[in-house]
Every structure is written in structure tokens, then in C-alpha cells.
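> Just to be clear, the model below is a prediction. Sequence and coordinates:
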Amino acid sequence: MTPLRRTLLLIAVALAGLAGWSSLVVIDATEFGVFTRFGRVVRVATAPGLWLKWPAPFERVVRVDRRLLTFMPAPAEYLSEDRKNLVVHSLVTWRTTDPVRYLATVAGRRVAQERLTDVVLAAVGNVIGSHPSSAVVSVDGRTSRVADVMRRILNEARPRILADYGIDLVDVRLRQLTLPEQNRANVFGRMQAERGKMAMKYRSEGEREFKKLVAAADRQKTRILAEAYREAERLKAEGDAQAMQVYADAFGRGPQFYKFTRTLNAYEKMLDGNTTIFLPADAEIFRILDGRPAGAGRR
Amino acid sequence: MIARRLTWVLTAVVLAVAGYLATGIFTVAADEQAVVRRFGRVTARVGPGIHYRLPWPVDRVDVLKTTTVMKTGVGFQLPDGEAASVSGMELLTGDTNIISIAVAIQFVIANPAAYLFEVEAPAALIGRVAESVLTETVIGMPVDEVLTTGRPAIQERVKAGTQAILDRYMSGIQLTSASIMTITLDSAVAHAFQDVASAGADRENKINEARTYANNVLPKARGEAQSMVLAAQSYREQRVAEAVGNTSRFLELLAEYRKAPDITRSRLYLEAMEKILPKVKKYVVDTEQGRQPVNLRLNPARP
């Protein structure tokens, strides 16, 4: 073997090795492989694994990410149906489902995101503009109308994006909703006024509640005392009546005798040292003197 | 000579092949799981221990910590090992108030293959999705609810909502908790909110004051009422007792009188006169003879 032939053999082996190496393609779980022969798509590797192709100059493989991808379009200001300015910060998640169409129309991630931004922001504008702001900003949160609004945005943009770019628009989410800078001062002013009102309401409520409770307590106190007074008077009257009954029962057994003894008692009280009385000589107390000798011993 | 060279070459080749094959040995720690890909296709998911895979370029292995709880958040950056600067994420409430909330989220990797191959940068996605759920939640709540009673509900909804979306994205992530770290207000309105809180406290104080008053006044009134009733009761008893006492003497006299009416009558009359007449000035008049007073000298003290 001459040195020349040896060299040629080595080159041939090297070329064969390179060709063999170049005809083996590993497609990862995270990607699609699109095989092109002089620029024309001939095959799409949709499953991961080891794939065969013609060596380099004849067939090439372009890899397309098949994972769920995320990006955040720049915040955009919209006017709602009732003329309120809202700044929408959105979150877009998407995934390539048709790598051939994807490569043909957008060719790369940067362009894809630009296209998606255009379509999504237009849809957001359409939907926000056809709803009053209360459809989004509302205290009635149990029904979560934001989700409905976002679903409408998604449904509006999704079929077009799939047909045009081979991209499945998985989700458009309202990441953050803010107000334009020039409206913030107004909002803070209103918040302050609302709080002031609320503080005043609490304080006057406290005052009112205080008066109500105190008045109730006073009223109850008066009622308790009045009831006690009534009961006391009733008891006293009962006592008087029972006493009267006792007197009437007792004195009723001898009315004449009662009159007599009571009259005597009355005399005892009526007649004192300032009293002068004229006694008829035939008063009962003297009657004994008539028939008896004087000095019978009674003064 | 040739044989010796051949031996050398063979030894070198065997060593090289052995060395190459040895690069396929890998270990998985107790808190880790590994995913093996052969030519890009997921073929095995292995747990802790020592394992073998075919060397590059056939097999590739990714090792992930699956039991370690990882942290991310909304409204603040989490530099590793550094105290996070919590600024909060600005949110609009349902009654158009502006507040800032920071939420800390903890998660684990539940499905390593999904985590590795289904979603680009899944850990970063958690915070973004949680932001959107937080926005959706808070935008439907009045600010007072957010600041007071709504906290657990917000945490619950952020966790459940974020989890549902991450599941839909097949991210392989399992959230373990979402907790609100701070809720802050712009300095322009913070004072006003504080004043409302202190007004609420004032109201409670006022009400307590009134309750104390009532608790003081009512027992006193009840005591007074009771003593009034007791006094009246004793008055009643006293009156009856008096009556019984007063009449019992009369009844005794009456019994005596019934036995001997004339004697008793005279006795009582005379006893009464005995008591009365000594105290009074008296003139005895003979009714038949005229009006000449007759001094009986019954009262020697007066001439």
C-alpha cells in the first residue's frame, strides 16, 4: 500500500463516518424535527427518538420547540364600553402544533411572539371595548366574570392563530390590571374620602349605640323601680285591708260595746289639762252620791 | 514485536471501552428522582440508588430534587439566601381600590418528566400564573374583605386556581401552599385606612362603656326594688299584727262584758273617768236647781 492509497483510504473512511453520523438524528422529547431536502419539507418527526436521514447537504433537520411557551406582551391601555381606561398586562401561553406551518409562516420564536401579540392585543381591545368595566372590576367576585371575559378573548383569537401559524394558543390570562398613571391620584382621593366616611360612620354608630344602650338601661331601671313601687303599694294596701278585716271582725262581735269602749278611749285623748267641763250633777259618775252618804271614799 | 504492539493496542482499547462504559454509572440521592432518555425518548424514571445507563450519545439522564419544597412568589423577588424585599404586586379590588399584595408559594416537582419536557421554565411560570389568579380573585372582592376576612379565601383560591391551570399545562408541579405575606396600601391612603381601624375600635369601646353602665345600674335598681318590696311586706305584717294585738284586748274585754255586762260597763266607765277627771277643770251643775256651779273639790291642787 502506497502512502497515497493509504491516505485516500483514511479520507474515505472519515467521510463515510461523517456521512453515517450526519444521517442519524436524535429528536428530543421537547421538540419536533422537520426534515427538509434542499429546503422542501419531506418528513416531520413528531415522536422523539433516533431518526435516519440522508447526510448533510441532501437533507437537513430543523428543530421546533414543542413545549408550552410563555411570554408577556407589553401592558396596553384600553377603553372599556363605559369609557374607563384600563391597563391590561396579559400572559400568553402557546405551543406549536403544526411545525411545518409554523416554519413556513413565522419561522422563529421572536416573529411568532410578535404575531401573537398583535392578534391577542387586538382581541383584548375588542372584548374590553364591548364590555362595561364592571364586567371585569366588580365586587361580585363569586361568579368570576374575568374568567369569562378572558375566555372570550381566547376563543376569538384561537382559531385564527391555529389556522394561520400552526400555533395552539393555549391560554390568554389577565396577569395584572392597573389604571393609567393619571387616574391613580383620583382613585387615591376617592379611597381616602370613602375611608373618612367610614370612620365617621363607625364613630357615630358607636355614639348611637352608646346612647341606645344607656337609654335602654335607664328605661329598664325605671321599669324595675316602678314595678317594685306598685308591688310595695299593693302589699301595703293588702296589709291595711287585712288589718281592717281583723278590726271589723273583732268589733263586729260587739258593736255596742265597741262604741262604748272606743268613746271612752276618745275621751281619754280629747280631755286634758286645758279642758274645762261642766258635769251635770246627775251624771253617771255622781249617781252613787245620791243614794249614799257623803265621803264614800271616792275622790 | 508486532504481537507486543498488538497487546498494547488491545489493552488500550479495552481500557478505553471500559472507561467509556463506566461513564454510564450514576447515583440518585434520597431526595431525588432521575429521568433517563434514550435518543431523546423518555425510557425510565428511577428513584434513589446507584444506576446504570448507556453512555453518551445513547442515553441522557436528568436528576431532579423531588421532595425538596421550593419557593417562588408573587410581588417580590426571591434571591437565594437573601431576605426578600417585599414590595407586593399592585392590584385593583372590585370596588376600585388600589392595594399591593405579596404571596409566597411553595411547590414540589410531582412529575419530573412533565416538569422537564412539557413546559419551558416551569418554575418561573408558577409566579406568572399565580399573579393572574390573584388578579382575578381580588378584582372581584371589596377592599375591606381583602384586608380582613378574605385572606384565607384568597390564599385558597390562588392555590387551587394556580394548581388547576398548572395541571392543565401539564407542568408536573404540585403546589403545597400559597400564603399572603403582606398586604400594603399606598402611603397616600394608609393613614385613612388606619383611622377606620381606630374608629372601629372607638365604636367597640363606646359600646363596652354602655354595657358597663348597664351592668352597674341594673343590679342597683334591682336591689332597691327588692328592698322596697321587703319593706312593704314587713309593713303589711306589722299592720296585721297590730290589728290582732289591738283587737285581742277588745275581745277579752268583750268576753268579760258578756259575762257581766253592767259591772264591766260601769268599771270601764269609772276607770276612764278616773283617768280623765283629775286632769281637767270641771264644774258640776245641778240641772234641776239652776246653773249654780258646784265645786266638788275633787281636785285639791286647784282651789
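Received it, and whenever you're ready, just let me know what you need.

> Run the chain-centre distance for the longest helix seen in chain A.
When chain A is parsed with DSSP state H, its longest helix is helix A:181-252. Here helix A:181-252 is found 35 Å from its chain centre; the criterion is Cα atoms, centre = their mean, to the nearest Å.

> what pLDDT, on average, does that helix get?
In this model, helix A:181-252 carries a mean pLDDT of 92.

> Could you do stretch B:237-249 as well?
The pLDDT scores in stretch B:237-249 average 89.

> Next, see if that stretch gets close to chain A.
Yes - contact of stretch B:237-249 with chain A (Cβ under 8 Å from any Cβ of the partner chain) involves B:237-240, B:242-244, B:246-248. Using the backbone N, CA and C atoms, a C-beta is placed for each residue, glycine as well.

> Just those: which are in helices?
Mapping these onto helices (DSSP H) picks out B:237-240, B:242-244, B:246-248.

> Quick one, which of these are buried?
Among these, those classed as buried by 16 or more other Cβ atoms under 10 Å in any protein chain shown are B:239-240, B:243, B:247.

> could I get these as JSON lines with distance to residue B:170?
Supplementary listing: those in JSON lines, determined by distance: Cβ to Cβ, whole Å:
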{"residue": "B:239", "distance to residue B:170": "98"}
{"residue": "B:240", "distance to residue B:170": "97"}
{"residue": "B:243", "distance to residue B:170": "103"}
{"residue": "B:247", "distance to residue B:170": "108"}
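
> Quick check: the farthest pair among those residues?
Farthest pair in these (Cβ to Cβ) is B:239 and B:247. Separation: 12.3 Å.

> How many residues are close by the closest residue to residue B:134 other than its chain neighbours?
In this structure, residue B:134 finds its nearest non-sequential neighbour in residue B:158, 5.3 Å apart by Cβ to Cβ, 6 or more residues apart in numbering or on different chains. The local packing of residue B:158 (other Cβ atoms under 10 Å in any protein chain shown) involves 28 other residues.

> my read: residue B:158 touches residue B:133, true?
Yes - taking Cβ atoms under 8 Å as the definition, residue B:158 is a contact partner of residue B:133 at 5.1 Å.

> and the residue of chain B nearest chain A?
residue B:140 (1.9 Å; Cβ to the nearest Cβ).

> That residue: what secondary structure?
Recorded secondary structure, residue B:140: coil (DSSP: H, G, I helix; E, B strand; the rest coil).

> So what does it have for phi and psi?
phi -110, psi 10 (degrees, to the nearest 10).

> on that earlier part again, using PDB, write down the CA coordinates of the strand or helix carrying the residue nearest to residue B:134.
Assigned by DSSP states H and E, residue B:158 belongs to helix B:151-168. The C-alpha trace of helix B:151-168 is given here as PDB (Å, rounded to 0.1, in the frame of the first residue of the first chain):
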ATOM      1  CA  ARG B 151     -57.300  36.500  53.400                       C
ATOM      2  CA  PRO B 152     -57.800  32.700  53.800                       C
ATOM      3  CA  ALA B 153     -60.200  32.700  50.800                       C
ATOM      4  CA  ILE B 154     -57.700  34.500  48.600                       C
ATOM      5  CA  GLN B 155     -54.900  32.100  49.600                       C
ATOM      6  CA  GLU B 156     -57.200  29.100  49.000                       C
ATOM      7  CA  ARG B 157     -58.300  30.400  45.600                       C
ATOM      8  CA  VAL B 158     -54.700  31.300  44.500                       C
ATOM      9  CA  LYS B 159     -53.500  27.900  45.400                       C
ATOM     10  CA  ALA B 160     -56.400  26.000  43.900                       C
ATOM     11  CA  GLY B 161     -56.700  28.200  40.800                       C
ATOM     12  CA  THR B 162     -53.000  28.100  40.100                       C
ATOM     13  CA  GLN B 163     -52.800  24.400  40.600                       C
ATOM     14  CA  ALA B 164     -55.700  23.800  38.200                       C
ATOM     15  CA  ILE B 165     -54.000  25.900  35.500                       C
ATOM     16  CA  LEU B 166     -50.600  24.300  36.000                       C
ATOM     17  CA  ASP B 167     -52.300  20.900  35.700                       C
ATOM     18  CA  ARG B 168     -53.900  22.000  32.500                       C
END
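
> So which elements touch it?
strand A:167-178, strand B:98-109, helix B:122-138, strand B:173-185 (3 or more Cβ pairs under 8 Å, 6 or more residues apart in numbering or on different chains; DSSP states H and E).

> For residue A:249, which of those is the nearest?
strand B:173-185 (85.4 Å).

> All the strands of the chain, residue numbers only.
You didn't say which chain, so I picked chain A. Along chain A, counting by DSSP state E, strands occupy A:24-27, A:31-37, A:40-45, A:49-52, A:59-65, A:69-71, A:76-79, A:85-96, A:167-178, A:276-280.

> sorry, should have said chain B
Going by DSSP E, chain B shows strands at B:25-28, B:32-38, B:41-46, B:49-52, B:59-65, B:70-74, B:89-92, B:98-109, B:173-185, B:281-285, B:293-294.

> Once you drop chain neighbours, what's closest to residue B:281?
residue A:276 is the one closest to residue B:281 (Cβ to Cβ, 6+ apart), at 4.1 Å.

> Tell me if I'm right that the one you found and residue B:283 touch.
Yes - with contact defined as Cβ under 8 Å, residue A:276 counts as touching residue B:283 (7.2 Å).

> more neighbours, the two?
residue B:283 (14 against 10).

> Show me the beta-bridge partners of that one.
Beta bridges link residue B:283 to residue A:278 when assigned by DSSP bridges.

> close enough to count as contact, it and residue A:280?
No - using Cβ under 8 Å, residue B:283 is not in contact with residue A:280, being 10.1 Å away.

> got any residues that touch both of these two?
Both residue B:283 and residue A:280 lack any common contact, where contact means Cβ atoms under 8 Å, 6 or more residues apart in numbering or on different chains.

> any low-confidence regions in the chain?
Reading this off chain A. Applying pLDDT under 70 to chain A picks out residues A:1, A:140-144, A:281-282, A:284-299.

> um, chain B though
Using pLDDT under 70, chain B drops low at B:1, B:77-86, B:285-303.

> How about the backbone phi and psi for residue A:56?
phi -40, psi -60.

> Next, count neighbours for it.
By other Cβ under 10 Å, 13 other residues sit near residue A:56.

> Identify the residue nearest the geometric centre of chain B.
For chain B, residue B:149 is the residue whose C-alpha lies nearest the centre (Cα atoms, centre = their mean; 10.6 Å).

> tell me the contacts of that one?
Taking Cβ under 8 Å, 6+ apart, we find residue B:149 in contact with no residue.

> For it, give its distance to residue B:42.
Residue B:149 sits 46 Å away from residue B:42, going by Cβ to Cβ, to the nearest Å.

> how far away is the residue nearest to residue B:133 when sequence neighbours are not counted from residue B:143?
Closest residue in space to residue B:133, ignoring its immediate chain neighbours: residue B:161 at 3.8 Å, by Cβ to Cβ, 6+ apart. Residue B:161 sits 20 Å away from residue B:143, going by Cβ to Cβ.

> More neighbours: which of those two?
Neighbour totals were compared for residue B:161 and residue B:143, and residue B:143 leads with 25 against 20 (other Cβ under 10 Å).

> I'd say that one and residue B:91 touch.
No - taking Cβ under 8 Å as the definition, residue B:143 is not a contact partner of residue B:91, at 9.9 Å.

> what is in contact with those two at once?
Common neighbours of residue B:143 and residue B:91 are listed as residue B:99 (criterion: Cβ under 8 Å, 6+ apart).
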